[in-house]
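Undergrad: need a 3D model of the sequence below.
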Amino acid sequence: MKIVGLISGIALSLLVPVFGLAGEPGAPSGVPSIAAPDAIVEAGDVVVLDVRTVAEFQAGHIENAVNIDVTQAGFSEAIQSLDPKRTYLVHCGANTPNGRADRALATLQQAGFSQLVSLEGGYVAWVAAGGAVTEAQ
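TA: So this is what the prediction gives:
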């Protein structure tokens, strides 16, 4: 019985950092974070929402990402064109606590979006991990 408990504890401790089950520090309440982005994007119906500026997005972005700049005044209106029933992997440049991604996540939650995931480390971490990107032409 002790071995089963030990194995369960080890398995859970491995899943939390990979799938971010505990949530990202500074992220809005209830929003999980994920450090293995390729797995979630390849696994299914996930929209990558890049909330960086248009210039940052044009310089390079995650393949098939949608760009809506959270720093623009019309962000709340722009997200109304998104389907609130879909799952969104939200990121900015580095996803620092209380940064652009967290502001976007909070706004999305207030607008009724519930299937939200924060990308740990943002675009910088994705690139460092060798994730698929589209670079400036």
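Undergrad: surely L89 meets V47?
TA: Yes - under the criterion of C-beta atoms under 8 Å, L89 makes contact with V47 at 7.2 Å. For every residue, glycine as well, the C-beta is placed using N, CA and C.
Undergrad: my read is that N67 contacts G60, right?
TA: No - assessed by C-beta under 8 Å, N67 is found out of contact with G60, at 11.5 Å.
Undergrad: so where do the helices sit in the chain?
TA: With helices called from DSSP state H, the chain shows them at 2-19, 37-43, 54-59, 75-78, 100-110, 122-128.
Undergrad: before we move on, the earlier item: more neighbours: which of N67 and G60?
TA: In terms of neighbours (other C-beta atoms under 10 Å), N67 is the more surrounded of N67 and G60; the figures are 16 against 13.
Undergrad: got a pLDDT number for the closest residue in space to the more buried one that isn't next to it in sequence?
TA: Spatial nearest neighbour of N67, excluding adjacent residues (C-beta to C-beta, 6 or more residues apart in numbering): F57 at 4.2 Å. In the prediction, the pLDDT value recorded for F57 is 97.
Undergrad: what's the burial count for S114?
TA: S114: 12 neighbours (other C-beta under 10 Å).
Undergrad: what is the burial count for the closest residue to T107 other than its chain neighbours?
TA: Excluding the flanking residues, the one nearest T107 by C-beta to C-beta, 6+ apart is S76, at 5.9 Å. Burial measure for S76: 13 neighbouring residues, criterion other C-beta under 10 Å.
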